[in-house]
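S.K.: What follows is a predicted structure for the sequence shown.
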Amino acid sequence: MNVQKKTLLFSIIVPVYNVEDYLSQCLDTILCQSFSDFELILVNDGSTDSSLEICKQYKQKFPQIILIDKENGGLSDARNTGLKIAKGEYIIFTDSDDYWQGKKVLEDLNNLISKTNPDIIIHEESRFFSEKDVVCKYNQRFIKNKNGKFEDEILNLVYYDLYAASAWDKVIKRTILIENTLFFPVEKKSEDIEWCGKLMHYLKTFSIYSKSFYVYRQARQGSITTTVSAKHIEDVYEMVKDGLKAQETTLEVLNKAIENYWACNYVVILKDFYVLSTETQQQIWDDLISWKYLLRKGRNIKVDKVMKFYKFLSFKTLIFFLNGYRLKRSLHKKRRASK
């Protein structure tokens with residue numbers, strides 16, 4: 001009698017690039033899970049330190065690890081490489097310098113899937129500043145319905161930053177990504193912004209995982225998130241421009257939520273405006289002016305914070321203020337992480 005093997009439930013995709021100091025913690029916190037129905041796909045993206053050797057050592061010990069060693073192509077290319085070979089019903093992206101908390105994460109997610117079968121599970125990350133300073137805001141407490149139709153709660157999910165521009169705070173049905181060719185844009189910075197914006201169009205149901213298990217490391221030296229370049233902001237500008245053009249949908253509530261999502265990322269451009277060259281500033285200025293309608297209270301908690309100042313400041317002065325505030329916050333994070 002042939003017994004057909006059930007479909008693998010989770011594919012956990014971890015892009016790896018020069019993270020020798022953090023990789024073991026990342027892998028240990030995934031491999032210690034009480035639930036074993038998963039594959040762990042490690043994509044070494046041309047590391048020049050000992051990261052590949054660490055991956056090989058773990059692969060020898062754990063049969064659920066699939067190791068891909070490739071030339072450097074960037075984070076998007078590494079994620080896409082893992083996604084194309086993944087076999088799990090649900091995809092979990094994890095950055096190799098971050099880690100998980102708790103040994104029953106996958107077991108809890110499995111139970112949630114058994115009860116609700118959602119297209120997406122949203123979870124809130126905790127932010128790591130130091131060993132003694134790991135914080136989660138738990139904005140999910142403001143969400144009344146923790147599962148159901150995506151369209152019924154999407155405005156609140158966007159407003160409270162629960163549906164945010166990051167890949168690693170989402171557990172997603174693989175078929176949605178593959179059937180709609182939702183791969184990450186290559187050769188772009190802040191690629192999660194575009195990917196998450198497109199994903200919104202294809203989600204029908206959701207659940208919120210009540211615990212914060214993902215720990216997002218802040219202010220790591222050499223991390224993509226510690227440095228904002230002109231390339232980052234130029235790419236975000238193009239994403240917002242394309243995203244606003246692609247708002248056509250039959251669901252009015254989803255259309256509004258998508259607009260609110262891009263409003264939040266419009267603020268990203270404003271607060272980092274001065275990293276751009278003078279020539280680029282002049283080239284995009286007319287678009288920034290035409291998008292001022294995105295600055296409206298009630299779109300997103302970050303936009304609301306900006307609105308507190310926009311009441312008293314001109315648009316140009318607001319941008320100047322936000323850039324100064326961003327630099328101050330960045331310095332504060334570095335000092336906090338060094339303690």
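M.R.: Everything's here; your move.

S.K.: where along the stretch 1-150 of the chain do the strands fall?
M.R.: With strands called from DSSP state E, counting those that start in this stretch, the stretch 1-150 of the chain shows them at 10-16, 38-45, 65-70, 90-93, 99-100, 120-122, 126-130, 133-135, 147-149.

S.K.: who does the fourth one pair up with?
M.R.: In other words, strand 90-93. Strand pairing for strand 90-93, determined by DSSP bridges: strand 10-16 (parallel), strand 170-173 (antiparallel).

S.K.: now the ones you listed as CSV including mean neighbour count?
M.R.: For every residue, glycine as well, the C-beta is placed using N, CA and C. Below are these laid out as CSV (neighbours: other Cβ atoms under 10 Å):
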stretch, mean neighbour count
strand 10-16, 25
strand 170-173, 22
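
S.K.: just to revisit the earlier point, nearest to H201, out of the strands of the stretch 1-150 of the chain?
M.R.: strand 120-122 (12.4 Å; Cβ to Cβ).

S.K.: for that closest one, the distance to its chain's centre please.
M.R.: 12 Å (Cα atoms, centre = their mean, to the nearest Å).

S.K.: model confidence over it, on average?
M.R.: For strand 120-122, mean pLDDT rounds to 98.

S.K.: and that strand, what other elements does it pack with?
M.R.: helix 105-116, strand 170-173, strand 205-208 (3 or more Cβ pairs under 8 Å, 6 or more residues apart in numbering; DSSP states H and E).

S.K.: Contacts for the last one, please.
M.R.: The reference is to strand 205-208. For strand 205-208, contacts defined as Cβ atoms under 8 Å, 6 or more residues apart in numbering pick out 112, 116-123, 140, 143, 146-150, 153, 157, 162.

S.K.: From those, list the buried ones, please.
M.R.: Among the contacts of strand 205-208, those classed as buried by neighbour count (16 or more other Cβ atoms under 10 Å) are 112, 118-123, 140, 143, 147, 150, 153, 157, 162.

S.K.: could you dump these to TSV with distance to F93?
M.R.: Listed next are the buried ones among the contacts of strand 205-208 as TSV, based on distance: Cβ to Cβ, whole Å:
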residue	distance to F93
L112	18
P118	17
D119	16
I120	12
I121	13
I122	13
H123	12
Q140	20
I143	22
N147	21
F150	19
E153	22
L157	18
L162	17
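
S.K.: just checking, D192 touches A167?
M.R.: Yes. If you go by Cβ atoms under 8 Å, D192 and A167 touch, sitting 5.1 Å apart.

S.K.: what residues do the two have in common as contacts?
M.R.: F184.

S.K.: Turn the strands paired with strand 90-93 into TSV, including mean pLDDT and distance to V268.
M.R.: Formatted as TSV, the strands paired with strand 90-93 follow (pLDDT from 0 to 100; distance: least, Cβ to Cβ, whole Å):
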stretch	mean pLDDT	distance to V268
strand 10-16	98	22
strand 170-173	98	19
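
S.K.: Just give me the neighbour total for N44.
M.R.: For N44, the count of nearby residues is 25 (other Cβ atoms under 10 Å).

S.K.: actually Y216, not the one I typed
M.R.: 18.

S.K.: May I have the secondary structure class of it?
M.R.: strand (DSSP: H, G, I helix; E, B strand; the rest coil).
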